[in-house]
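Predicted model and sequence follow; I will ask about them next.
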Amino acid sequence: MFSRKLAKSMRERLRAERRENQLIEARAKEEISFIYVVNPPEIPRIAFGSGLERVTLPMSGPSLTPFMRKIQGEVREFPGPHEYNTTKDLIKKNASKYGNAPFVSKLPRLAQTATSAYPPVGTYHVHPPKKLKQAARPFNVGALQKPVEKFTTTGPANYAIDRQSPNMKICSAFGSKRIIWPAVAIICSPVNNAKCSKCSSTPIGDYYHQFKLNLDLCRSCMKKQLRILKRCTTDLYYRARMRNELNQYQRVRYCGFFHDHQGTTAAIQLMSKSTLKYKIRTENYLYTYHKL
């Protein structure tokens, strides 16, 4: 099959377009800095046959984001109270230019301050009461009266019912025995080898011990570390690391308060067992409310 022969006018138009493209390519090869740019067509301003400005973003509703609400400002079709130019006083003597109606109340809008007929506080002449002479025998009874005892019981509102108290450390040994471990661990050794890792002094009384690294810390140094921990200038990372390190310390004490080793493994009892048990039982109760 042979292709259909084009008309003469069609062949001439194709020949002219081909010649124009060849001229453009030859000019582009001669001039290296030439950039062939095709201007895009201009977008018509009229949309749907109307040239009015349209709101493309939502002005209200769930589709309005906080950023859009911030940049669009106040959207209202009426002027605000501060945009009126009031040249005349708004307070008029008569509400209408024709005057007042009959039987209208002509009392002032705001009532006057009422004055009291009684003198205020501070103007009274108060005389101090005379001291009465105490009778020798109240109610004709010569016996000594029992003094009123001071009420030392804690009030109901002083109990922190919303805060659960921690449980005591109890060793039941599967029901064979029941041992309440002391709230403060007791280190029993012939010689007190405790030494503070900060000030290198021997702690007096209770101190803090870290069992993993075998480090000691006296109470004064612990208070200094807690004071540094509460400073506003302390870095957050350093505060978290410091709190983690201080939580590993436990309160301990040397065994010299209830027996004396005198440098040997044997010990001389300085406190009876009943007194020691009462002391441990009392401290276990009080240390449930203790904070580091």
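Happy to help now that I have it. Model, not experiment: these values are computed from the prediction. Residues are numbered from 1 along each chain as shown.

Quick check: next helix or strand after the lengthiest helix in the chain?
If you go by DSSP state H, the chain has its longest helix at helix 8-30. Following helix 8-30 in sequence order, the next helix or strand is helix 66-72 (DSSP states H and E).

Can you dump the C-alpha atoms of that next one in PDB for me?
C-alpha atoms of helix 66-72 as PDB (Å, rounded to 0.1, in the frame of the first residue of the first chain):
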ATOM      1  CA  PRO A  66      -3.300  26.700  64.600                       C
ATOM      2  CA  PHE A  67      -0.700  28.100  62.200                       C
ATOM      3  CA  MET A  68      -3.400  29.300  59.800                       C
ATOM      4  CA  ARG A  69      -5.400  30.800  62.700                       C
ATOM      5  CA  LYS A  70      -2.300  32.700  63.800                       C
ATOM      6  CA  ILE A  71      -1.400  34.300  60.500                       C
ATOM      7  CA  GLN A  72      -4.900  35.100  59.300                       C
END
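
Now Ser220: closest residue in space, sequence neighbours ignored.
Leaving aside its chain neighbours, Ser220 sits nearest to Cys199 (7.6 Å; criterion: C-beta to C-beta, 6 or more residues apart in numbering). Where you see a C-beta, it was placed from the backbone N, CA and C, and this is true even at glycine.

count of residues packed around the one you found?
Residues lying near Cys199 (other C-beta atoms under 10 Å) number 13.

now the residue most central in space within the chain, what's its secondary structure?
Nearest to the geometric centre of the chain sits Cys232, at 14.3 Å (C-alpha atoms, centre = their mean). Following DSSP: H, G, I helix; E, B strand; the rest coil, we place Cys232 in the coil state.

Local confidence estimate at it?
With respect to pLDDT, Cys232 scores 88.
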